[in-house]
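Novice: quick one, what's the 3D model for this:
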Amino acid sequence: MKLLKWMLALVIALVTAVFVAGQFVSTTLEVEHSTTINAPRAQIFDELIRMRSFNSFSPWYDLDPDAQYSYEGPESGIGSKMSWKSNDPNVGNGWMQIAGLSGRDKIDMTLGFDGFDGEAKSWYLLDEMNAGTRVTWGYASDISSPFFLRFMGPFIQEQITKNYEDGLANLKTNMESR
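Specialist: Below is the predicted model:
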């Protein structure tokens, strides 16, 4: 009986420790990655506001060649939306829509993923430079729920950073080969 009480106390202490630690872990996930592309800002902007061109540089497209994509709204610009369905857990199901444009400097997007409450935000920043255009791809989402996501934040951030690096490298190759 004494062993059982000791084990119960240990389990309660561990659960309490995880809960208390979770209160101090960030509930926001943010990622930004940049590259410089030797192409005019206007040309890159025109590519990025067309959802149908996303898969030409997407780091996720090659993960599941059987994924299904559908498009809604205008061909480009605000309201242009892409949805996907995949049996691959690395791709999953979701949607992405252009939510706002700030001149030719910024493209704001909203994303939704099946199985997760709320929406994530993503954006492209385009800064014209002497040697081309600096393109920054960013992402932010609330990871407060479900609770365990708080602890996975650093791993998710690392994976998204790698995906954004790959996606920007693909975009750079595409744009510089034109």
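Novice: tell me where the model's unsure across the chain.
Specialist: Within the chain, the ranges that satisfy pLDDT under 70 run 3-27, 145-151.
Novice: name the SS class of the residue most central in space within it, please.
Specialist: By CA atoms, centre = their mean, the chain has its centre lying nearest to Tyr139, at 5.0 Å. At Tyr139 the chain is in strand, as set by DSSP: H, G, I helix; E, B strand; the rest coil.
Novice: give the contact list for it.
Specialist: When contacts are counted by CB atoms under 8 Å, 6 or more residues apart in numbering, Tyr139 touches Leu29, Glu30, Val31, Glu32, Ala120, Lys121, Ser122, Ile160, Tyr164. Backbone N, C-alpha and C define where each C-beta goes, glycine included.
Novice: distance check, the closest residue to the second one other than its chain neighbours against Pro65.
Specialist: For Glu30, the nearest residue in space outside its immediate sequence neighbours is Ala140; the separation is 4.7 Å by CB to CB, 6 or more residues apart in numbering. Spatial separation of Ala140 from Pro65 under the definition CB to CB, to the nearest Å is 29 Å.
Novice: show me which of those two is the more surrounded one.
Specialist: Ala140 (13 against 8; other CB atoms under 10 Å).
Novice: so that one sits against Glu32, correct?
Specialist: No. Using CB atoms under 8 Å, Ala140 makes no contact with Glu32, being 9.0 Å away.
Novice: so where do the helices sit in the protein?
Specialist: Under the criterion DSSP state H, the chain contains helices at 2-22, 41-48, 149-176.
Novice: between the shortest one and helix 149-176, how big is the angle?
Specialist: The one in question is helix 41-48. With axes from the mean of the first three to the mean of the last three CA atoms, to 10 degrees defining the directions, helix 41-48 sits at 120 degrees from helix 149-176.
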